[in-house]
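[1] Structure for this input, please:
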Amino acid sequence: MLNEEICKLRDKLNKSIENGDDYDVTYRLSVELDELIAKYYKNLVNNKKKLAWTGI
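    Sure, this is the predicted structure:
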């Protein structure tokens, strides 16, 4: 789910850059993408901790 959101937002950001959109738009998309990526890695780490805790 997060992977799909990241890919869609990355594509939107790339199009914004290619189209020469306003800096504020590109910057906002970049920040949103960074937040999603951070959330993705946080979930990944939390899932690994859960697996380690259960001994799987």
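[2] Which neighbouring elements make contact with the host helix or strand of Thr26?
    Assessed by DSSP states H and E, Thr26 sits inside helix 23-54. On a contact count with 3 or more C-beta pairs under 8 Å, 6 or more residues apart in numbering; DSSP states H and E, helix 23-54 meets helix 2-19. Every C-beta, even on glycine, is put in place using the N, C-alpha and C of the backbone.
[3] Excluding residues flanking it in the chain, which one is nearest Leu9?
    Spatial nearest neighbour of Leu9, chain neighbours left out: Leu33 (4.9 Å); criterion: C-beta to C-beta, 6 or more residues apart in numbering.
[4] Look up how far Ile6 lies from the closest residue in space to Leu13 that isn't next to it in sequence.
    Spatial nearest neighbour of Leu13, chain neighbours left out: Leu29 (4.3 Å); criterion: C-beta to C-beta, 6+ apart. Per C-beta to C-beta, to the nearest Å, Leu29 is found 12 Å from Ile6.
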